[in-house]
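# Sequence and predicted structure below; questions after.
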Amino acid sequence: MARDPEPGIDDGDDDAALHWAGDEVTGREGARLPEGQADVAETPADEPAPAGPPPRPGMAPLTGLFALLYLVLTVGWILGTGYTSAGAPDLWTQVAWQFGEFTAIIAAPLWFGTTVLLTPWRLGVRLGWLALGTGVLLPWPVLPLLLTGGAA
Amino acid sequence: MRERIALLAAAIVFGLLHLIPLFQGIANLVALPAYYAQLGIGEHTPWWLLVLGVALPPVAFTAALLIGRGRIISHRVALLLASLATVNALVLSAGALAPILLAFAAGA
């Protein structure tokens, strides 16, 4: 059963409901919103909210430079693993060694990717970790190839 | 709760995977000095490299866990994976460096 509206609620005077006594004196007009909501209401709905601080200038080119360096490191590891051997013929040692070689090859891209992922707006921290990675992940096993010029 | 279980599972799996290079490091620490001594070059044993080979896997694993504190699970797994890969790369580097160090020591 539909209830009849209460007298006085639906009498069509919405504007009166959004005003307070004395608004004319203080210069206020229209509905009042809490301080924080007033700004939100003025923001266009189709404008994306900023995701965070803007990237530092120079971050993209420097990251790109390190990406190239890490690519060289990865190629070095691919070539270098050809010069390593498990030293024991049993299956477990071979499997563990192959796994180690595979992870060594992907170590440089993993270090690069993780650093870029975890330091989105920190240029100094990112460059520091990337520089540390180039030192740590130098492909020493490729040294015989470099020394012999590929003749080995 | 589910994220805690996933994190614990990831920590256990990567902890076990870090044991492989740790065992290799321990095996090298035990076998290489005896091998060098047998060859009569025991004084050229690269002790620092052998100790590093044993210390690095637990240190890298702990560092990955500490750096990942407070981050989302995917970032923590990325850190653990990068740690494992780096440790394995360093194990191969140590294996390549040992004969180079020996050659330098013998030449000096």
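Perfect, I can see it now.

# hmm, the helix or strand containing B:Leu16 in reach of chain A?
Using DSSP states H and E, B:Leu16 falls within helix B:2-39. Yes - Helix B:2-39 comes into contact with chain A (Cβ under 8 Å from any Cβ of the partner chain), by way of B:Ile20, B:Pro21, B:Gln24. C-beta here means a position set from N, CA and C on the backbone, and glycine is covered the same way.

# Out of those residues, which one has the lowest pLDDT?
Looking at these by pLDDT, the weakest one is B:Gln24, with 90.

# Contacts only, for the closest residue to that residue other than its chain neighbours.
Leaving out its chain neighbours, the residue that sits closest to B:Gln24 by Cβ to Cβ, 6 or more residues apart in numbering or on different chains is B:Val91, at 5.8 Å. By Cβ atoms under 8 Å, 6 or more residues apart in numbering or on different chains, B:Val91 lies in contact with A:Gly100, A:Ala104, B:Pro21, B:Gln24, B:Gly25, B:Gly53.

# tell me which residues of whatever helix or strand comes next after the helix holding B:Leu16 are tucked away?
Where DSSP H and E defines the elements, the next helix or strand beyond helix B:2-39 is helix B:47-67. Buried residues in helix B:47-67, counted by 16 or more other Cβ atoms under 10 Å in any protein chain shown: B:Leu49, B:Leu50, B:Gly53, B:Val54, B:Leu56, B:Pro57, B:Ala60, B:Phe61, B:Ala64, B:Leu65, B:Ile67.

# Any buried residues in the helix or strand that helix B:47-67 is followed by, and which?
The element immediately downstream of helix B:47-67 (helix or strand, assigned by DSSP H and E) is helix B:73-107. Under the neighbour-count criterion of 16+ other Cβ under 10 Å, helix B:73-107 has B:76-98, B:102 buried.

# what does stretch B:40-48 give?
In stretch B:40-48, counting by 16+ other Cβ under 10 Å, buried: B:His44, B:Thr45, B:Pro46.

# and it, C-alpha only, in CSV?
Taking C-alpha atoms only, stretch B:40-48 is exported to CSV below (Å, rounded to 0.1, in the frame of the first residue of the first chain):
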residue,chain,number,x,y,z
GLY,B,40,100.6,-28.3,-3.9
ILE,B,41,99.1,-24.8,-4.3
GLY,B,42,97.2,-24.8,-1.0
GLU,B,43,98.6,-21.3,-0.2
HIS,B,44,96.7,-19.9,-3.2
THR,B,45,93.3,-21.0,-2.0
PRO,B,46,90.9,-18.1,-2.6
TRP,B,47,89.3,-18.2,0.9
TRP,B,48,87.4,-14.9,0.5
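
# I'd like to know which helix or strand in chain A has the lowest mean pLDDT.
helix A:35-42 (a mean of 45; mean pLDDT, DSSP states H and E).
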